[in-house]
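Asker: Give me coordinates for this.
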Amino acid sequence: MEKKLSFSEVLKKYTMVIVLVLVVIMFTVNTKGVMLLPQNVNNLVAQNACVFILATGMLFCILTGGNIDLSVGSVVCFVAAVGGKMMVLNNMNPYLTMLVMLITGIAIGAWQGFWQLSQVWLPWLV
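Answerer: Sure, this is the predicted structure:
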């Protein structure tokens, strides 16, 4: 026996897909078809590569322990600001700047990890 889906059930289940299709159609019409050209899609992927890398890291966090770290974006912005200030305003070596950025990101992550672990383990120790 086949169950028929009502309109509200379909709408609840596929809302995001419907909105995505509507947005693509809207941008395709407004750009006169340029939106779906292969070169434009390639540019969109290339310009969002850092977001894909962050999303992959977040996916591993969510899959392995169910943890969601909302500070990823702010840490990336802070580390980028440190690097930008070092290179643009202080005319520092790009390789030294990348090393400082890496150390800064690791230090912030270690600090946040310390507080996360202390929150989990401290009640067990007391």
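Asker: Stretch 26-45 spans what distance, first to last residue?
Answerer: One end of stretch 26-45 to the other measures 20 Å (C-alpha to C-alpha, to the nearest Å).
Asker: Which positions in it come out as buried?
Answerer: For stretch 26-45, the neighbour count (16 or more other C-beta atoms under 10 Å) marks Met35 as buried. C-betas here are computed from N, CA, C, even on glycine.
Asker: Can you give the contact residues for that stretch?
Answerer: Contacts with stretch 26-45, where a contact means C-beta atoms under 8 Å, 6 or more residues apart in numbering, come from 24, 52.
Asker: longest helix in the protein, by residue count?
Answerer: helix 94-125 (DSSP state H).
Asker: other SSEs contacting that one?
Answerer: With contacts taken as 3 or more C-beta pairs under 8 Å, 6 or more residues apart in numbering; DSSP states H and E, helix 94-125 sits against helix 72-84.
Asker: mind listing what's buried in the helix it packs on?
Answerer: Quick answer for helix 72-84 (16+ other C-beta under 10 Å): 75, 79, 83.
Asker: got a list of contacts for it?
Answerer: Outside helix 72-84, the residues that touch it by C-beta under 8 Å, 6+ apart are 50, 54, 57-58, 97-98, 100-101, 104-105, 108-109.
Asker: what mean pLDDT would you report for that helix?
Answerer: Model confidence over helix 72-84, given as mean pLDDT, is 91.
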